[in-house]
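Undergrad: Can you look at this prediction? I've put the sequence above it.
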Amino acid sequence: MEFELKAVLKCSSSLSGAASPSEITEFVTYCNADLLKRGAPPGCGAEIAGWNVAEDKIELKIVSDRFVRAHDALLRLKKELGKLLGKHRIGIRGVEIEDYKIALDWEAEEGLKIRKLPFVREIKQEEGRLELLLDVDESMLDKRIPDRLIRLLEDKRDAVRWKGKSEHWELLFESEQRQFHFDKDPTEEMLKRGWLQHAAGRGQYVYGPQITKIFRAFEKILLDELCTPLGYKEMIFPKFVAWDVWKKSGHAKGIYPEAYYVCTPKTRDPEYWEDVMDYFKVTNEVPVDMIMGKIENVGGMCYAQCPPFWVFLQGKIMPDEILPIMVFDRSGTSHRYESGGLHGIERLDEFHRVEILWMGTKQQAIEHSKVLQEKYRHIFNDILDIAWREAWVTPWFMAQEGKAGLAEIKEAGTIDYEAVLPYSGKWLEFQNVSVNGDKYPKGFSVKLQSGEDLWSGCSGVGLERWAAVFLAQKGLDAENWPEKFRSVVGELPEVFRFL
Ligand code: ATP
Ligand code: ZN
Ligand code: MG
């Protein structure tokens, strides 16, 4: 890594009288011999490669390697110079960054194109080398933007490298074969029978009494077999998620292509909205473009269910003896823009989940995940009687941040539960169990009295996915359903008839 920074320090008055040239020369010598080498291995660090004093300005050219990066050198130097000039009653008014060039060793990764980066004016990519011309000011150096840019590039490269490997799916368990009673797409069949109807929104359904009763039966099984015996308590998590939550949960790194965005009016003054109302009244069309100019994005709809829960604990310290804590939420919908991937109730833009969330010490969190896995095995084998499997996959929170690196997490991570759909032969993920490490407690500053790390985990149970899998294997006729499930679901109500 090479850094080359040209900056101008602007002082409060002319330097010619007060600080003698020899004093500045001495300062530069001191910087190059000592100040800008501190913390770097011998022979490394930053260096003032050129300088010039003109009136009230000091022009500097700083070059460096990765040990004392040029922008760090500049900030370091500015502080010391401030002290020196202070003796002459001269202050440093400001720093202007004229030019900042960073060059990295860069083996172009297949499929990775760096076309545009924030705060970068120009990108040059040559054999084994990537050069960035930054467009930054002093405040951005303070915020460590150059370091974050380098980090971002490394993350992008790791993600591409890692995507090329296949180890991010590993079979952990596979159930016995089961007898399938159906070979059609259950959504199609439900539409035929009027169990559900397409709603007005994309990837959205109105669920009729029959399928709703099936969803509720799944919930009851989950509660009776898992939540209640394990001591889970119900909570209600928000379903509108403010940006501040997604900043802390990490979703702000990558959620954009799949988010459902939420906006509020810039004002609730009816006069401000009168033109929109009038337009609708005379055309019967909603003027979406006009609305766009009058609203403000404030966040999105629930995507992963647990992030907004953590605001409940944000900044708190908890006594260790109340651990482990187990809670769940089933208070509302989740929303994802699935684009062209929509498929019946298997892949929706609006879906329903029970989110199971636990926390404890590291050991408790890992242990509890094993207990959950046992309970789930019982439900899928003995009650729903489906053909299913468990696989170790990229942790969902890393996938959702667009990050790679399964190898570095052994104890934390995600298990996906998948089941085969006989009508297509494809496997569908219908839920997961994740140990999220200390990610959330760190992100939301939640601590334990003992100082030990707080860990957490979550499991998202997709009701539509459970239904998709169960009905695809067993069909819609109750006589082919396992007795245990039939006793929970009871008779399906017949309410509507159409002419
Ligand atoms: P997929 O790979 O199928 O898109 P995912 O990895 O995005 O799933 P997660 O983020 O792990 O899913 O979400 C947890 C659970 O939420 C899933 O196991 C599934 O039950 C449910 N789920 C996620 N996306 C959808 C969707 N679009 N429609 C219905 N259920 C969904
Ligand atoms: Zn979660
Ligand atoms: Mg998905």
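TA: Now that the structure is in, tell me what you want to look at. Ligands and ions are numbered 1, 2, ... in the order given.
Undergrad: So what touches the longest helix that the chain contains?
TA: Ranked by residue count and defined by DSSP state H, the top helix of the chain is helix 145-163. Residues outside helix 145-163 that contact it (CB atoms under 8 Å, 6 or more residues apart in numbering) are 1, 3, 69, 71, 100, 102, 104, 106, 109-112, 114, 117-120, 130, 132, 134, 136, 140, 168, 402-406. Every residue, glycine included, has its C-beta placed from N, CA and C.
Undergrad: show me what contacts the nearest residue in space to Ser175 that is not next to it in sequence?
TA: Sequence neighbours aside, Trp388 is the residue nearest to Ser175 in space, at 5.1 Å (criterion: CB to CB, 6 or more residues apart in numbering). When contacts are counted by CB under 8 Å, 6+ apart, Trp388 touches Glu174, Ser175, Phe380, Tyr417, Glu418, Ala419, Val420, Phe430, Val469.
Undergrad: tally of neighbours for the fourth one?
TA: Right, the one you point to is Tyr417. 26 (other CB atoms under 10 Å).
Undergrad: Tell me the confidence at it?
TA: Looking at Tyr417, its pLDDT is 97.
Undergrad: Near ligand 2, which residues of this structure are found?
TA: Ala304, Cys306, Cys458 (CB under 5 Å from the ion).
Undergrad: out of these, which are inside helices?
TA: Using DSSP H, none of these sit in helices.
Undergrad: Highest neighbour count among the residues you listed?
TA: Neighbour-wise, the residues of the chain next to ligand 2 (other CB under 10 Å) top out at Cys458, 26 neighbours.
Undergrad: and that residue, how far is that from Ile291?
TA: 35 Å (CB to CB, to the nearest Å).
Undergrad: now Asp269
TA: 15 Å.
Undergrad: So which of those two has more stuff around it?
TA: Ile291 (14 against 9).
Undergrad: who wins for neighbours among the contacts of Trp388?
TA: In those, the most neighbours by other CB under 10 Å go to Val469, 28 neighbours.
Undergrad: for the strand or helix carrying it, packing partners?
TA: Take DSSP states H and E as the rule and Val469 turns out to sit in helix 463-474. Here helix 463-474 touches helix 186-193, helix 209-222, strand 350-360, strand 413-421, strand 426-435, going by 3 or more CB pairs under 8 Å, 6 or more residues apart in numbering; DSSP states H and E.
Undergrad: The residue of the stretch 1-150 of the chain found nearest ligand 1: how many residues sit nearby?
TA: As assessed by CB to the nearest ligand atom, ligand 1 sits closest to Gly111 within the stretch 1-150 of the chain, at 20.6 Å. Neighbourhood size, Gly111 [other CB under 10 Å]: 9.
Undergrad: nearest spatial neighbour of it, skipping sequence neighbours?
TA: Val160 (5.5 Å).
Undergrad: now Ile415
TA: Val433 (4.7 Å).
Undergrad: Would you mind measuring from that neighbour to Glu234?
TA: On the measure of CB to CB, Val433 and Glu234 end up 19 Å apart.
Undergrad: just so I have it, where are all the helices in the stretch 151-300 of the chain?
TA: Assigned by DSSP state H, counting those that start in this stretch, the stretch 151-300 of the chain shows helices spanning 186-193, 209-222, 243-249, 274-283, 288-292.
Undergrad: one step back: these two touch, right, the residue nearest to Ile415 and Thr414?
TA: Yes. Here Val433 reaches Thr414: they are 7.3 Å apart, a contact under CB atoms under 8 Å.
Undergrad: How far does the helix or strand that Arg389 is a member of sit from its chain's centre?
TA: Here Arg389 sits within strand 388-393, counting by DSSP H and E. Centroid displacement of strand 388-393 relative to its chain, using CA atoms, centre = their mean, to the nearest Å, is 22 Å.
Undergrad: show me where pLDDT drops low in the stretch 51-200 of the chain?
TA: 164-167 (pLDDT under 70).
Undergrad: thought Ala40 was touching Asp72?
TA: No. Using CB under 8 Å, Ala40 is not in contact with Asp72; the gap is 10.4 Å.
Undergrad: interface residues of the stretch 251-400 of the chain facing ligand 1?
TA: Arg336, Glu338, Arg347, Leu348, Phe351, Arg353, Trp396 (CB under 6 Å from any ligand atom).
Undergrad: List the beta-bridge partners for the fifth one.
TA: Applying DSSP bridges to Phe351 yields these beta-bridge partners: Ser334.
Undergrad: Now do the contacts for it.
TA: Thr333, Ser334, His335, Arg336, Ile345, Gly462, Leu463, Glu464, Arg465.
Undergrad: which one's the longest strand in the chain?
TA: strand 92-105 (DSSP state E).
Undergrad: do stretch 436-445 and ligand 1 meet at all?
TA: No. Using CB under 6 Å from any ligand atom, stretch 436-445 stays clear of ligand 1, with a minimum separation of 12.0 Å.
Undergrad: if we can go back for a sec, return the distance of the residue nearest to Ile415 relative to Asp158.
TA: Counting by CB to CB - Val433 and Asp158 are separated by 25 Å.
Undergrad: Who has more neighbours out of these two?
TA: Shown here are Val433 and Asp158; by other CB under 10 Å, Val433 has more neighbours (22 against 14).
Undergrad: which residues does the more buried one contact?
TA: Here Val433 is in contact with Ser369, Leu372, Gln373, Tyr376, Thr414, Ile415, Tyr417, Gly457, Ser459 (CB under 8 Å, 6+ apart).
Undergrad: Any idea what Lys233 is bridged to?
TA: Bridge pairing for Lys233 - DSSP bridges - gives Val327.
Undergrad: That one reaches Val327, doesn't it?
TA: Yes. If you go by CB under 8 Å, Lys233 and Val327 touch, sitting 5.3 Å apart.
Undergrad: From the neighbour counts alone, determine which of the two ranks first.
TA: For Lys233 versus Val327, neighbours defined as other CB under 10 Å are more numerous around Val327 (19 against 10).
Undergrad: Just the buried residues of stretch 269-279, please?
TA: Residues Trp273, Val276 are the ones in stretch 269-279 that count as buried (16 or more other CB atoms under 10 Å).
Undergrad: Low-confidence stretches in the stretch 351-499 of the chain?
TA: 396-410.
Undergrad: show me what contacts whichever residue of the chain sits closest to ligand 1?
TA: At 2.2 Å from ligand 1, Gly462 is the closest residue in the chain, using CB to the nearest ligand atom. Counting by CB under 8 Å, 6+ apart, Gly462 touches Phe351, His352, Arg353, Phe430, Gln431.
Undergrad: at 10 Å instead, please
TA: 218, 334, 345-346, 348, 351-354, 417, 428-432, 468-469 (CB atoms under 10 Å, 6 or more residues apart in numbering).
Undergrad: can you list residues touching both of Val433 and Thr414?
TA: With CB under 10 Å, 6+ apart, Val433 and Thr414 have common neighbours Gly457, Cys458, Ser459.
Undergrad: thinking again about what came up before, closest to Thr212 among the contacts of Phe351?
TA: Set against Thr212, the nearest of the contacts of Phe351 by CB to CB is Leu463 (9.7 Å).
Undergrad: Cheers, nothing more for now.
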